[in-house]
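Asker: okay, predicted coordinates and the sequence, questions at the end:
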Amino acid sequence: MEPTLPELSVLRRFWPGFDDTRTTHPVRVGGIAIGGGDPVIIAGPCAVESYEQTLAVACAVRGAGIGILRGGAFKPRTYPGSFQGLGEEGLEILAQVGRETGLAIVTEVLDPRLVERVAAVADMLQIGSRSMQNTPLLIEAGRSGKPVLLKRGWSATLDEWLGAAEYVACEGNTRIVLCERGIRVPASEGYARAVLDLNVIHAIRTLTPLPVLVDPSHAAGRWERVESLARAALAASAHGLLIEAVAADTDRALLRSDAEQGIPPDVLERIAGYARLSLPRNSR
């Protein structure tokens, strides 16, 4: 039974039937239940840079036994001169690759005006860390009815993160998955892009029935560090992982977006194998 307005909240006490901290409200994406018991992996390129590149990574993802592909058509970047993604062309590539491989699609939406267009392609809308407190975007994503992957902001507190989730929920959309991707602190400079806050997983699973994923790629900043962080996230009871991947190490020199943190296929297969061996999560 879903909670109803005006008492709609992401806090567990407002979810009839999910008041037990051992329960999770599964979110289905392309027939795959996130929070349904077994860890789920979403993997793919940081950015969609060509059809050939995206298809090659998608085949590696499918070959690892993973059913959901991530890839950015629209990319928020620090500097305006940086590669911003292929936009509409990127969406068309994702749609074609999804049809050819049978993979469900997760991609980021940056602008409330683009929610309807992105939702026509994506099985799940990603709200990136830079957009976590963009309330008009959260509202439109909620109205779309599509599952929403809500990443934690660079320096967001747990309260701010859950508040952002409530903007989505208050539009009647409770198909929300949270994603921890690391928070920026001065101590992280020099050895990581961000500090992965694995403590927050227990807090989320206690306070809310929402599934929570971990993105080890953005915290690590280097592909060599991703596998150990992924294992730690699963050991900390995350419901799954969001990982950046490349089709081959030789592709890095050609990529324009976060090439250094995409893991190669053999590492992706090891992480997927480890996830399958992990104990099922207590959920419902």
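Answerer: That came through, no problem. Worth saying up front: this structure is predicted, and the values here are computed from it rather than measured.
Asker: partners of residue 28 in the sheet?
Answerer: residue 33 (DSSP bridges).
Asker: what ranges do the strands span in this protein?
Answerer: Along the chain, the stretches classed as strands by DSSP state E are 27-29, 32-34, 40-44, 68-70, 104-108, 124-127, 148-151, 176-180, 212-214, 240-244.
Asker: which one of these lies closest to residue 259?
Answerer: Closest of these to residue 259 is strand 240-244, at 9.3 Å (criterion: CB to CB). Glycine gets a C-beta too; all of them are placed from N, C-alpha and C.
Asker: what lines up beside the closest one in the sheet?
Answerer: Its sheet considered, strand 240-244 pairs with strand 40-44 (parallel), strand 212-214 (parallel) by DSSP bridges.
Asker: what are the ranges of the helices in the stretch 151-284 of the chain?
Answerer: In the stretch 151-284 of the chain, the helices defined using DSSP state H, counting those that start in this stretch lie at 158-169, 199-207, 216-220, 226-235, 265-277.
Asker: report all helices and strands that the shortest one contacts.
Answerer: Using 3 or more CB pairs under 8 Å, 6 or more residues apart in numbering; DSSP states H and E as the contact criterion, the neighbours of helix 216-220 among helices and strands are helix 226-235, strand 240-244.
Asker: packed most tightly, which of these would that be?
Answerer: strand 240-244 (a mean of 28; mean count of other CB atoms under 10 Å).
Asker: who touches it?
Answerer: 34, 39-46, 70, 106, 149, 179, 181, 211, 213-218, 226, 230, 233-234, 258, 261-263, 268, 271, 275 (CB atoms under 8 Å, 6 or more residues apart in numbering).
Asker: do stretch 117-131 as well
Answerer: Among residues not part of stretch 117-131, those counted as contacts by CB under 8 Å, 6+ apart are 29-30, 68, 70, 73-74, 76, 88, 91-92, 94-95, 98, 104-110, 115, 134, 137-138, 141, 144, 146-154, 156, 164, 177, 181, 218.
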